[in-house]
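K.L.:
predicted model follows, preceded by the sequence.
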Amino acid sequence: MRAYVTLALLPLALVAAADIHDFSGNWTLDRQQSNLSGLPAAPGDLLTISQEESTVKCTESGVSWRFRTDGEESKSQVGDSVMSATSKWEGGALLISTLVSGPHNYVVEDRWELSRNAAVLTITRTIRRGAAATEATLTYTNQERLDALRGTPPGVPAAPAVIIVQAGTRIPLSLVNTLDTKHSAAGDRVYLETAFPVTQNGHIIIPKGSYVVGTVTEVKRGGKMKGRSELYVRFDSLTLPNGVTRQFRSRLDSADGNDVDRREGAIRGERDRAGEARTVGEAAGAGATVGAIAGSVAGHAGMGAGIGVIGGAAAGLIAVLATHGPDVVLPKGTTLEMVLDRELRYEPGELAMRQ
């Protein structure tokens, strides 16, 4: 995990759970009420906090960490960064200062505060890098606490739970437009549709025919002597048929039998090994013949002809190096597989639940 991601996962030090000092529960990020522009990376939609005596466990986007609340400094290892946090109470607010050390060094200052009804958690965050500072505000709500405040009568069904498509889910896609390394360029849009529905508990969550938009991030055309062609693709968003859209940055996992670099999201073309050897030999031979003729016409026998042969062979080889190897070609209808880089969360009302 990159260090920037840890900004959304900073630990908080809590005292024993009691009244306004109790942050435990499931907290959902209210993006409309939040100001996230000061964060290098957006936080996840759900923050889960549980505590037992002086130990607190936090989970966000599938990543969990623990820390102590008995006055000792808290240290956490997240990815390739170490976070050293100290905290203190200022009235009903918890102030946390965290030093992040690793590939990127910076300080995060947080102020955690619950609303009067303890159902809304507001985090005011300042990120300091040297003399520069940026600020952000994260606002979370706790549905369980809201339901308790409303006094839902016994026997009344609880509100349907949020539906989550987990990070790492593979979704098969069908290409709507043709892609190839000859005509595509970095920045070109890629249009796809889901080729098979994603289901949970017997219900269709993401129907077949949902829309996916991606981006060509890089194109490399291979030469006869400099490797294979490569086409880099990134997936950016998924839109359900009813218009509900989620943004992400997901990667390519497979492409209809093509050679795929899963870490880079690159599709590689075939090597033309036989063609390379044949073309080099033919071009060099043809070049030598032309060179010999040129030397004879110039009236140079012996050494002159030899020079003509060498010059003609070099010209033939240059022509080979200037040509392109086999291009990557993905026709319309090619099946690709996308792997989600983050969880997709849907309210029941956003989905047309189908059997």
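P.N.:
Cool, the structure landed. Residues are numbered from 1 along each chain as shown.
K.L.:
count the neighbours of Arg145 for me.
P.N.:
Residue crowding around Arg145 was assessed by other Cβ atoms under 10 Å; the count is 20. In this view, the C-beta of every residue, glycine as well, is placed from N, C-alpha and C.
K.L.:
that one contacts Trp27, doesn't it?
P.N.:
No. Distance between Arg145 and Trp27: 9.6 Å, which falls outside the contact criterion (Cβ atoms under 8 Å).
K.L.:
now do the SS call for Gly243.
P.N.:
Three-state assignment for Gly243 (DSSP: H, G, I helix; E, B strand; the rest coil): coil.
K.L.:
ok, it - how many residues close by?
P.N.:
Under the neighbour criterion other Cβ under 10 Å, Gly243 is assigned a count of 8.
K.L.:
separation between it and Arg249?
P.N.:
In this view, Gly243 and Arg249 are 21 Å apart by Cβ to Cβ, to the nearest Å.
K.L.:
just the pLDDT for Thr181.
P.N.:
For Thr181, the model assigns a pLDDT of 89.
K.L.:
residue contacts, it?
P.N.:
Shown here is Thr181, whose contacts under the criterion Cβ atoms under 8 Å, 6 or more residues apart in numbering are Val219, Lys220, Arg221, Gly222, Ser229, Glu230, Leu231, Gly269, Asp327, Val328, Val329.
K.L.:
tell me the one of these nearest Arg263?
P.N.:
Checking the contacts of Thr181 against Arg263 by Cβ to Cβ gives Glu230 as the nearest, at 13.0 Å.
K.L.:
what is the neighbour count of that closest one?
P.N.:
Other residues near Glu230 number 19, with proximity taken as other Cβ under 10 Å.
K.L.:
am I right that it is in contact with Val260?
P.N.:
No. Between Glu230 and Val260 there is no contact, the gap being 10.4 Å when judged by Cβ under 8 Å.
K.L.:
joint contacts of the two?
P.N.:
Common neighbours of Glu230 and Val260 (criterion: Cβ under 8 Å, 6+ apart): Ala266, Ile267, Arg268.
K.L.:
for the second one, which non-adjacent residue is spatially closest?
P.N.:
Meaning Ile267. Here the nearest residue to Ile267 in space, its sequence neighbours aside, is Leu231; by Cβ to Cβ, 6 or more residues apart in numbering that works out to 4.7 Å.
K.L.:
isn't the one you found right up against Asp261?
P.N.:
No. Judged on Cβ under 8 Å, Leu231 makes no contact with Asp261 at a distance of 10.6 Å.
K.L.:
the two: which is more packed in?
P.N.:
Neighbour tally, Leu231 and Asp261, criterion other Cβ under 10 Å: the higher count belongs to Leu231, 27 against 13.
K.L.:
what lines up beside the helix or strand the more buried one falls within in the sheet?
P.N.:
Leu231 is located in strand 230-239, with elements delineated by DSSP states H and E. Its sheet considered, strand 230-239 pairs with strand 211-220 (antiparallel), strand 245-255 (antiparallel), strand 266-268 (antiparallel) by DSSP bridges.
K.L.:
hang on, the earlier thing: so among the shared contacts of Glu230 and Val260, which ones count as buried?
P.N.:
Ala266, Ile267, Arg268 (16 or more other Cβ atoms under 10 Å).
K.L.:
check those residues against Thr86 and report the nearest one.
P.N.:
Taking Cβ to Cβ as the measure, Thr86 lies nearest Ala266 of these, at 43.8 Å.
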